[in-house]
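Novice: Show me how the following folds:
(2 chains)
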Amino acid sequence: MSIGLQINDGQGASILDTSMRTGRILGSVAITGDNGSVAVPTVTGTPFLIVTSWPQPFSTGQFGTANVWGELSFDGTTIHWSFGFGGPIYGSITIYYGSY
Amino acid sequence: MSAGFEVINDSQSILIDQNFQNLALVAKGTISIGSNSSPGGYSGFTTIPATGIPLIFIRCAGWVAVTGATNGRFDWRMAKGVTTFDYYAFAPPQSIGGNLGLQVFGSDGTLCFDAQQKYLRILGTMATKGSMFFPDSGGVGTVISFPLPGTLPAVCFSDPGGQFQVVTGSIVSGGMTYRTVARCGMRINGSNLELAQFQSLDNISLPSGANINTRVAASPAAVIIADVSNM
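Specialist: Purely as a prediction, here's the structure:
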């Protein structure tokens, strides 16, 4: 790196510099309804989404449980979601969004 | 920004500011178990410093799934035969004291950046969304492969993916029901990321009068890839 910020540790090893891309969580949305979308403050940089956990599996009686899951996308301004299976009846999900 | 501290990286993204916390390495380690011979594999959880929602990146040679993560812990499952994987947990930085190097605080006193800690270095994201196949006989399903960048990449799923079977038959109450018997896992094979569904229940056989009518499985929508060299 020839210009910009460079942060080194006490041994001189680089911790961070302006050639790197570090991720930050910028917010979250709780999804309790069926398929839909929600606008979020415009994200600078490359957006990403994280769902760290689906809702708890729901009982299907005879043969145990089934897991809820959904499909997500994010264009930097709007998060879209649809429940692939099981939702929203069996629980809500929290979607975290960020950028790097 | 009218006042404060802001660093923009070469890609024109904000690297550091006082509005949002950076994601610091709050824990790393190798999870190892003695043996893993059950058909459904072995599951457990690991506690980590509770500084906020973590992103869990892993490196593994065998099939492993991070099945959930909350503030202070994450849950995992290893497929049958797998006994170890490496993890790197990134979350808002810890207050570790000291006053060495750059520190950035939010207006409410939240620690946003502390140069005494190491930070997430993202190599990129990769779309991995797609249908997957898990066989009725169990084990490991069809493997899908993606090239990985970097020399020591670790991977975090955008979501855990999913799997279910539709079960029908004369003994099935109501004529139809569902069950989940597999998890979407990952492994790193050379310079490739491989994804597959692996069995997560010990006994997946069905009694007479019940049969699998439909099979559905999906990979995560995307993965985030981080450089964990020198972490």
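
Novice: roughly how far apart are residue B:116 and residue B:8?
Specialist: Distance, residue B:116 to residue B:8, by CB to CB, to the nearest Å: 23 Å. C-beta coordinates here come from the backbone N, C-alpha and C atoms, glycine included.

Novice: Please work out how many residues are found near residue 10.
Specialist: All of this is about chain A. Per other CB atoms under 10 Å in any protein chain shown, the neighbour tally for residue A:10 reads 9.

Novice: other chain: chain B
Specialist: Applying other CB under 10 Å, we find 14 residues neighbouring residue B:10.

Novice: just residue B:136 next, same as before
Specialist: Counted with other CB under 10 Å, residues neighbouring residue B:136 total 12.

Novice: How much space separates the nearest residue to it once chain neighbours are set aside from residue B:160?
Specialist: Leaving out its chain neighbours, the residue that sits closest to residue B:136 by CB to CB, 6 or more residues apart in numbering or on different chains is residue B:212, at 5.2 Å. Noted for residue B:212: a distance of 22 Å to residue B:160, by CB to CB.

Novice: Check residue B:169 too.
Specialist: The gap separating residue B:169 from residue B:160 is 29 Å, by CB to CB.

Novice: swap in residue B:216?
Specialist: According to CB to CB, residue B:216 and residue B:160 sit 15 Å apart.

Novice: thinking again about what came up before, assign a three-state SS to the residue nearest to residue B:136, would you?
Specialist: strand (DSSP: H, G, I helix; E, B strand; the rest coil).

Novice: from memory it sits against residue B:169, does it?
Specialist: No - between residue B:212 and residue B:169 no contact is recorded; they are 9.3 Å apart, counting by CB atoms under 8 Å.

Novice: between those two, what contacts are shared?
Specialist: residue B:206 (CB atoms under 8 Å, 6 or more residues apart in numbering or on different chains).

Novice: Give me the pLDDT for residue A:91.
Specialist: Per-residue confidence (pLDDT) for residue A:91: 68.

Novice: and if you look at residue A:50?
Specialist: On the pLDDT scale, residue A:50 is placed at 93.

Novice: bridging residues for residue 65?
Specialist: No chain was given, so I picked chain A. Beta-bridge pairing of residue A:65, defined through DSSP bridges, involves residue A:59.

Novice: Chain B was what I was after
Specialist: residue B:77.

Novice: Which parts of the helix or strand bottoming out on mean pLDDT in chain A count as buried, going by neighbours?
Specialist: Lowest mean confidence among the helices and strands of chain A (mean pLDDT, DSSP states H and E): strand A:58-61, at a mean of 78. The neighbour-count check on strand A:58-61 (16 or more other CB atoms under 10 Å in any protein chain shown) flags A:58, A:60 as buried.

Novice: neighbour count winner among residue B:212 and residue B:160?
Specialist: For the pair residue B:212 and residue B:160, the greater number of neighbours falls to residue B:160 (24 against 15), based on other CB under 10 Å.

Novice: any idea how far the more buried one is from residue B:220?
Specialist: In this view, residue B:160 and residue B:220 are 7 Å apart by CB to CB.

Novice: got any residues that touch both of these two?
Specialist: Here residue B:160 and residue B:220 have residue B:184 as joint contacts, going by CB under 8 Å, 6+ apart.

Novice: give me the low-pLDDT residue ranges for chain A?
Specialist: Across chain A, the ranges flagged by pLDDT under 70 are A:1-2, A:33, A:84-91.

Novice: tell me, what residue is most central in it?
Specialist: Taking CA atoms, centre = their mean, the centroid of chain A lies closest to residue A:50, which sits 2.0 Å from it.

Novice: Contacts only, for it.
Specialist: Neighbour list for residue A:50: A:25, A:95, A:96, A:97, A:98, B:53, B:55, B:156, B:158, B:159, B:224 [criterion: CB under 8 Å, 6+ apart].

Novice: and the host helix or strand of the second one, what other elements does it pack with?
Specialist: Read that as residue A:95. Here residue A:95 sits within strand A:93-99, counting by DSSP states H and E. Using 3 or more CB pairs under 8 Å, 6 or more residues apart in numbering or on different chains; DSSP states H and E, the elements in contact with strand A:93-99 are strand A:24-31, strand A:47-50, strand A:69-74, strand A:78-85.
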